[in-house]
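J.: How does the following fold in three dimensions:
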Amino acid sequence: MIDTESRLLRRGDYIWGSFVRTGPVDGYIVAVNPGDRSDVLGRFAFTVTAVDEAVGAAHEGRRAWQDTPLEDRGEIVGRFRELLDEVGENLALLITRETGKPLWESRAEVSATARAAKLLVSDGLPLLQPKVLREDTAWSERVPLGVVGVVTPFTYPLLLPSLHCLAALLAGNTVVFKPSKFAPGVGQALAELLDRCRLPRGAFNMVQGSGASVGARLVSHPGLDALLFTGSYDTACKVRAATADRPELPVLLQAGGKAAALVLADADLDLAAYEIAVSAFATAGQRHDAAARVFVDRAIFDTFCERLLARTQELVVGYGFDHGVFMGPMISDAHRKRFRAYADDLQALGHTPVLEGGTAQLDGPRGYYVRPAIYWITRDGALDAEPPGPMVQVYCVTDTDHMVSLHEQLASRVSAAIFTRDEGGAMELAQRLTTGAVYVNRGTSATSLRMPAVPRGRSTNGVPHGAELVRWLTSPQALLVDRRPFDGSRFVPGAGSLPTAPMVIEPDDEG
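T.: Numbers count the residues shown, from 1 in each chain. Have a look, this model is predicted:
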């Protein structure tokens, strides 16, 4: 049973199939409920040398896990999904307590995690099946890369690490996982679930700690064979620099970025306002796919802004455990200060607040609460730095060409939503947008777990997610068995008695 009321039992790092307390202690991360600062979940000790132990354990256990039959690996992922059904509500309560998400959002994340595990098995296993190239003599298969490091943020503290760790494990890799410093309790809960799956020792390992110490050691560790990092763009740049001397290392960088929305003159404005508000302000605007920039046709600009304002003002900001709350707090005071400073900068540059937002003083628990903000960008610019937190920037544009021009200037292009009644026109417009995914008359937070979207710009270095991640975490290997008796006929003419590797030039199946 996962404790969600008192201080959490801090069990330490998870290395070689057991929770251990390594030492000496290099520091602590303190888990505090961002919706109620008086609620301290616990103080988690960490030590940098634990990374070396975890990577060593992953190397020692890789052969046993790689030799585990593919079907058995799939059954273990299925077992993880079954365990989610048992502890799902407690996990949702823990996510809300540790990240401030409203309970409805935390429950949705648990459900999405269960779906992701199911899809990894149904969609991922076929990608790993050996393929026969020539009966009995030649075939190809996907072989695991080795030891995979996984570093994830607080925005999806269960979904992202589960997806990445399970994809790596299903592919036959061993894993060293570092949870976000803002969600050590959820990271520990994930390790507890995988412990109950009875993996071979060393297949999965987890180390707690800050990004500046434990995280920095993990991403630069010479024992890694692949790295999956999700976090801010600035940190992704540091990770890139830390791995620059290993160009052979597969590195997936999913950096912070936000989405855009395009509202055409014929759009259903009530639908557009609703979908954009939900996308922009869920998780207090801290999701990577939150709508941040909205390009609106000038013919309906004023009307759309009125409806977006009305819809935003209806949203209930409050404690995640309270009934009817839509948006909880930001994750920390530092994040809240960045949100306020960004808004101040916009006003200093002459942009017009439609809704100022700012710090929210609420009845009840004291936390890092803010009000959503809407700004009319009245001058050029404001297309580089992503708006932090629950903020929407609206642009009055002349036509679709203007929309496309502004969209293509965005530093990060995770996804885009198009609102129009003309579906055919939307398809044509989508082809002009350089982005990972395009949604028509739906908000960008409705990302499908099956869509192999590749965000563009500064959002990622181009690797899909979902079951396709299983393929990325393996490398192809071809096997050729030559059963012909040796009679000298394999020699290349004119080479005398010097043997060479067989050179077989054959037509393909269609030739």
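
J.: CA only for contacts and neighbour counts going forward, please
T.: Will do.

J.: The closest residue to S18 other than its chain neighbours and A212: what is the separation?
T.: Of all residues not flanking S18 in the chain, D195 sits nearest, at 7.9 Å (CA to CA, 6 or more residues apart in numbering). Relative to A212, D195 is positioned 27 Å away (CA to CA, to the nearest Å).

J.: More neighbours: which of those two?
T.: Neighbours of D195 and A212, each counted by other CA atoms under 10 Å, are more numerous for D195; the result is 19 against 9.

J.: Quick check: which element contains that one?
T.: Assigned by DSSP states H and E, D195 falls within helix 184-196.

J.: Contacts for that helix, please.
T.: With contact meaning CA atoms under 8 Å, 6 or more residues apart in numbering, helix 184-196 is reached by 2, 8, 11, 14, 17-18, 31, 41, 44, 80, 83, 91, 94-95, 98, 157-158, 162, 178-180, 204-206, 208.

J.: what's the offset of that helix from the middle of its chain?
T.: Distance of helix 184-196 from its chain centroid, counting by CA atoms, centre = their mean, to the nearest Å, is 18 Å.

J.: Would you work out how far apart the start and end of stretch 418-429 are?
T.: 8 Å.

J.: Could you check how far it is from the centre of its chain?
T.: With CA atoms, centre = their mean, you get 28 Å for stretch 418-429.

J.: Kindly report the same for stretch 232-240.
T.: 15 Å.

J.: Now it - C-alpha only, CSV.
T.: Only the C-alpha atoms of stretch 232-240 are listed here, as CSV (Å, rounded to 0.1, in the frame of the first residue of the first chain):
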residue,chain,number,x,y,z
SER,A,232,14.2,21.6,-20.2
TYR,A,233,16.0,22.9,-23.3
ASP,A,234,18.8,24.4,-21.3
THR,A,235,19.4,21.1,-19.5
ALA,A,236,19.2,19.2,-22.8
CYS,A,237,22.0,21.5,-24.1
LYS,A,238,24.2,20.5,-21.1
VAL,A,239,23.4,16.8,-21.7
ARG,A,240,24.4,17.2,-25.3
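
J.: Give me the mean pLDDT for it.
T.: The average of the pLDDT scores along stretch 232-240 is 89.

J.: Measure how buried L159 is and give me the count.
T.: Around L159 there are 20 residues (other CA under 10 Å).

J.: Contacts only, for the closest residue to it other than its chain neighbours.
T.: Nearest non-adjacent residue to L159, counting by CA to CA, 6+ apart: T113, 4.9 Å away. Shown in contact with T113 (CA under 8 Å, 6+ apart): L158, L159, S162, L163.

J.: and the residues you listed as CSV, adding distance to V51?
T.: What follows is the contacts of T113, written out as CSV (distance: CA to CA, whole Å):
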residue, distance to V51
L158, 21
L159, 23
S162, 20
L163, 21
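
J.: Tell me the one of these nearest Y439?
T.: L159 (21.5 Å; CA to CA).

J.: gap between that closest one and L84?
T.: 12 Å.

J.: what does M327 give?
T.: From M327 to L84 the distance is 25 Å (CA to CA).

J.: Would you mind checking the contacts of helix 184-196 for buried ones?
T.: Buried members of those, counted by 16 or more other CA atoms under 10 Å: 2, 8, 14, 17-18, 31, 41, 44, 80, 83, 91, 94-95, 98, 157-158, 162, 178-180, 204-206, 208.

J.: got the residue ranges for the helices in the stretch 401-511 of the chain?
T.: Per DSSP state H, counting those that start in this stretch, the stretch 401-511 of the chain carries helices over the ranges 423-430, 468-472.

J.: I misspoke; the intended subject was the stretch 201-350 of the chain.
T.: Ranges of helices in the stretch 201-350 of the chain, per DSSP H, counting those that start in this stretch, are 216-219, 233-242, 269-281, 301-314, 333-348.

J.: quick one on the thing from earlier: just the ones in strands from the buried ones among the contacts of helix 184-196, please.
T.: Y14, S18, A31, L41, F44, K178, F204, N205, M206 (DSSP state E).

J.: Turn those into CSV, columns for pLDDT and distance to P387.
T.: Shown next, in CSV, are those (pLDDT from 0 to 100; distance: CA to CA, whole Å):
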residue, pLDDT, distance to P387
Y14, 98, 36
S18, 97, 41
A31, 95, 26
L41, 95, 29
F44, 95, 31
K178, 98, 27
F204, 98, 36
N205, 98, 35
M206, 98, 32
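
J.: can you tell me how far P161 sits from S18?
T.: Where S18 is concerned, P161 sits at a distance of 19 Å (CA to CA).
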